[in-house]
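1. based on what follows, work out the 3D shape:
(one chain, ligands or ions: 2)
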Amino acid sequence: MNAMTQDGYVTADGRQIGPVVMELKNITLRFGGVVAIKDISFDIRQGEIRAIIGPNGAGKSSMLNVISGFYHPQDGQVIFKGQPRPAMKPYQVARLGIARTFQNIALFDGMSVLDNIMTGRLNKMKAGFLSQAIWWGAAEREENENRAAVERIIDFLEIQNIRKTPVGRLPYGLKKRVELARALAAEPNLLLLDEPMAGMNVEEKEDMSRFILSVNDEFGTTICLIEHDMGVVMDLSDRVVVMDYGKKIGDGTPAEVRSNQAVIDAYLGVAHD
Ligand SMILES: Nc1ncnc2c1ncn2[C@@H]1O[C@H](COP(=O)(O)OP(=O)(O)O)[C@@H](O)[C@H]1O
Ligand SMILES: [Mg+2]
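-> Numbers count the residues shown, from 1 in each chain. Ligands and ions are numbered 1, 2, ... in the order given. Alright, predicted model coming up:
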């Protein structure tokens with residue numbers, strides 16, 4: 001990595017990364033007596049693929065929930081695009097251009113792939129029931145635009161052949177891809193992925209990695225992803241935050257964190273599933 005300035009930096013493979021879009025400052029999050037996140041600070045820059053890694057229970061999903069605005073930390077600040085971000089409702093977060101996938105797939109099993117992805121467009125739908133009744137034209141135009149956007153994503157993620165299939169009938173790897181499609185349907189600037197490759201076989205992981213890289217490359221989407229397998233993120237991410245027992249124990253390029261002794265110890269000391 002070249003010198004990091006306020007404006008950004010250039011990655012080892014020559015990609016230009018932009019300024020900070022989100023800054024997490026001294027975040028502490030508690031659930032009753034459990035301290036899930038202890039005084040963690042880091043930032044996410046425009047256009048980068050930022051990974052959060054760590055053993056199970058380290059606090060990664062909690063951190064993603066803070067980033068997405070779903071949890072509001074007891075201490076610390078989340079600065080988004082230069083502004084302190086207050087506690088927000090999920091739809092308000094969606095309007096800021098933030099979309100996510102979940103560690104446990106959250107799709108509608110009985111609905112088709114196409115309809116599941118359409119639900120990702122809800123934040124784009126302006127015409128309500130009233131305008132649909134009074135002014136057909138606008139609602140119809142909007143519906144057509146939404147369908148076209150969804151079809152582009154279906155092509156992009158190579159799932160044309162399953163567009164009419166109920167999600168419940170799909171194998172795991174494809175469900176994860178449909179969940180990614182639904183998140184992309186919101187046209188996010190910041191995409192949050194909670195263990196997008198967990199439970200996948202090698203081939204499915206390779207596909208998912210390729211799609212994550214193309215999303216970043218073709219749409220310029222900033223991506224923050226969680227993984228507990230260190231190997232997976234090494235090729236994929238520009239910078240990595242390492243968490244262990246709610247604390248940050250490393251932060252830097254994949255090469256930097258891989259040679260960080262605290263990180264090595266945390267990984268050697270933990271039995272993986
Ligand atoms: N909603 C919650 N209520 C209570 N405790 C929670 C909740 N979510 C997470 N925790 C606790 O916070 C810690 C971190 O969990 P989590 O963020 O899910 O870790 P990770 O994603 O790294 O596996 C764990 O001890 C977990 O039990
Ligand atoms: Mg988790």
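
2. what residues does the stretch 101-250 of the chain put near ligand 2?
-> Contact residues (Cβ under 5 Å from the ion) of the stretch 101-250 of the chain with ligand 2: Q103. For the C-beta atoms, the positions are set from N, CA and C on the backbone; glycine is no exception.

3. where does the prediction get shaky in the stretch 101-250 of the chain?
-> Residue ranges of the stretch 101-250 of the chain with pLDDT under 70: 123-138.

4. now it against ligand 2: closest residue?
-> Q103 (4.8 Å; Cβ to the ion).

5. would you mind measuring from that residue to G82?
-> Computed as Cβ to Cβ, to the nearest Å, the Q103 to G82 distance reads 30 Å.

6. more neighbours: which of these two?
-> Q103 (15 against 9; other Cβ atoms under 10 Å).

7. now the spatially most central residue of the chain. Nearest residue, chain neighbours left out?
-> Nearest to the mean C-alpha position of the chain, by Cα atoms, centre = their mean, lies L192 at 1.2 Å. The shortest distance from L192 to any non-neighbouring residue, by Cβ to Cβ, 6 or more residues apart in numbering, is to R100 (3.9 Å).

8. identify all contacting residues around the helix or strand containing the one you found.
-> Using DSSP states H and E, R100 sits within strand 98-101. With contacts defined as Cβ atoms under 8 Å, 6 or more residues apart in numbering, strand 98-101 is touched by 64, 67-69, 120, 176, 179-180, 182-184, 186, 188-194, 196.

9. quick check, it touching ligand 1?
-> No - using Cβ under 6 Å from any ligand atom, strand 98-101 never reaches ligand 1; the gap is at least 13.4 Å.

10. in the helix or strand that that strand is followed by, which residues are buried?
-> The first helix or strand that comes after strand 98-101 along the chain, using DSSP H and E, is helix 113-119. By neighbour count with 16 or more other Cβ atoms under 10 Å, helix 113-119 contains the buried residues 113-114, 116-118.

11. what's the answer for stretch 58-71, then?
-> 58-71.

12. try stretch 213-232
-> Buried residues in stretch 213-232 (16+ other Cβ under 10 Å): 215-216, 221-228, 230, 232.

13. next one: stretch 240-260
-> 240-244, 246-252, 254, 257-258, 260.

14. and I249, how far from ligand 1?
-> Relative to ligand 1, I249 is positioned 13 Å away (Cβ to the nearest ligand atom, to the nearest Å).

15. got the contact list for the residue lying closest to that residue once chain neighbours are set aside?
-> Spatial nearest neighbour of I249, excluding adjacent residues (Cβ to Cβ, 6+ apart): A262 at 4.4 Å. Neighbouring residues of A262 by Cβ under 8 Å, 6+ apart: 242, 244, 249-250.

16. ligand 1 versus the residue lying closest to A185 once chain neighbours are set aside, what's the distance?
-> Closest residue to A185 apart from its sequence neighbours, by Cβ to Cβ, 6+ apart: G120 at 3.1 Å. Remark: distance between G120 and ligand 1 (Cβ to the nearest ligand atom) = 23 Å.

17. need phi/psi at G120.
-> phi -70, psi -10 (degrees, to the nearest 10).

18. same check, this time on E227
-> phi -150, psi 150.

19. bridged to it, which residues?
-> I53 (DSSP bridges).

20. ok, it touching I53?
-> Yes - if you go by Cβ atoms under 8 Å, E227 and I53 touch, sitting 5.4 Å apart.

21. in three-state terms, label C224 for me.
-> What DSSP: H, G, I helix; E, B strand; the rest coil gives for C224 is strand.

22. nearest spatial neighbour of the residue of the stretch 101-250 of the chain closest to ligand 2, chain-adjacent residues omitted?
-> Excluding the flanking residues, the one nearest Q103 by Cβ to Cβ, 6+ apart is D194, at 4.2 Å.

23. can you report how many residues neighbour the one you found?
-> 22.

24. please name the residues that touch it.
-> Residues in contact with D194, defined by Cβ under 8 Å, 6+ apart, are 60-61, 64, 100-103, 225-226.

25. can you give me the strands in the stretch 51-200 of the chain?
-> 75-80, 83-84, 98-101, 190-194 (DSSP state E, counting those that start in this stretch).
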